[in-house]
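Novice: Predicted model follows, preceded by the sequence.
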Amino acid sequence: MKRSRTAIIVLAVSAVALAASIAVINFSGPRQVDDVGSRDALTPATSSSVATESKAPASGSPSAQPRFESTRTDATKPLTRVQIPSPTRIVIPAINVDAPVDPIGVDDLGRVAVPTDVSRAGWYKWGPAPGNATGSAMITAHVDGVDQGPGAFFNLGELNVGDLVRVERADSSSLTYRVIARESFNKKAVPLEDVFARSGPPRLTLVTCGGPFDPQTLVYTDNIIVTAVPE
């Protein structure tokens, strides 16, 4: 399947090209979801609005950066920011999620490197962290795995507006977010400028695979994206 270099995320998830590691297994799989809520309250982020500090490579930046076909965002460049505790766990009571969170970057093909253990989630460490004053903190996880069964975000498509998400952090603090939107996009149409935004209101973006499963390419055709804002 042809993917845009970035959405090879997409997110992994691409998020948000989880790709060939996802396969159909002997259970119902993700349901087709209808969009709910709205992200209209969020200020659209563009490359021109990214803070100048993000232009400079950060210490320890990855040798491979996500490759985007569009220049709409600066998500290909490491983000320089004040130190914020890394997320270590994500808890979503409404869908029984309680999963450890690992910092993730990209692989040599420019794909977001989602944890191979489908029970774990990954935080895109080159973007904003949960608790950052601006931008989209992106956490992604597999919907399922051919040999491992349902993934951490298997039921992400069942979240509704108003549901709460708790993110635990390395300093033992935690943050609570409230879901404002749940959307499903074909992977070729994922709004990458929103998923990887470094400016605009602070929010948490959760991504996994969804939609029909393509037996030829062994990937799901869509991505489910949930947007939540700080409580």
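Specialist: Noted; the coordinates are in hand.
Novice: Mean confidence (pLDDT) on stretch 203-223, please.
Specialist: What stretch 203-223 shows for mean pLDDT is 89.
Novice: again with stretch 84-92
Specialist: Rounded mean pLDDT across stretch 84-92 is 96.
Novice: which parts of it are buried?
Specialist: 84-90, 92 (16 or more other CB atoms under 10 Å). Every residue, glycine included, has its C-beta placed from N, CA and C.
Novice: Now render the residues you listed as CSV, adding secondary structure.
Specialist: Formatted as CSV, the buried residues of stretch 84-92 follow (DSSP: H, G, I helix; E, B strand; the rest coil):
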residue, secondary structure
I84, coil
P85, coil
S86, coil
P87, strand
T88, strand
R89, strand
I90, strand
I92, strand
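Novice: Tabulate these (CSV), appending distance to R120.
Specialist: Conversion of the buried residues of stretch 84-92 to CSV gives the following (distance: CB to CB, whole Å):
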residue, distance to R120
I84, 21
P85, 18
S86, 14
P87, 12
T88, 11
R89, 10
I90, 10
I92, 14
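Novice: Describe which strands the lowest-mean-pLDDT helix or strand in the chain pairs with in its sheet and in which direction.
Specialist: Between all helices and strands in the chain, the lowest mean by mean pLDDT, DSSP states H and E belongs to strand 144-145, at a mean of 89. Its sheet considered, strand 144-145 pairs with strand 149-150 (antiparallel) by DSSP bridges.
Novice: any idea which helix or strand comes after the strand it pairs with?
Specialist: Moving toward the C-terminus from strand 149-150, the next helix or strand (DSSP states H and E) is strand 164-169.
Novice: so what strands line up beside that next one?
Specialist: strand 87-92 (antiparallel), strand 174-186 (antiparallel).
Novice: now the ones you listed as a markdown table including distance to P230?
Specialist: Formatted as a markdown table, the strands paired with strand 164-169 follow (distance: least, CB to CB, whole Å):
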| stretch | distance to P230 |
| --- | --- |
| strand 87-92 | 14 |
| strand 174-186 | 6 |
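Novice: Of all the ones you listed, which one is nearest R166?
Specialist: Closest to R166 of these is strand 87-92 (CB to CB; 4.3 Å).
Novice: contacts for the closest one?
Specialist: Strand 87-92 is contacted from outside by 97-101, 121, 123, 129-130, 137, 139, 152, 159, 163-170, using CB atoms under 8 Å, 6 or more residues apart in numbering.
Novice: which strands and helices sit next to the strand or helix carrying V101?
Specialist: Element membership for V101, per DSSP H and E: strand 97-104. If contacts are counted by 3 or more CB pairs under 8 Å, 6 or more residues apart in numbering; DSSP states H and E, strand 97-104 sits against strand 87-92, strand 121-124.
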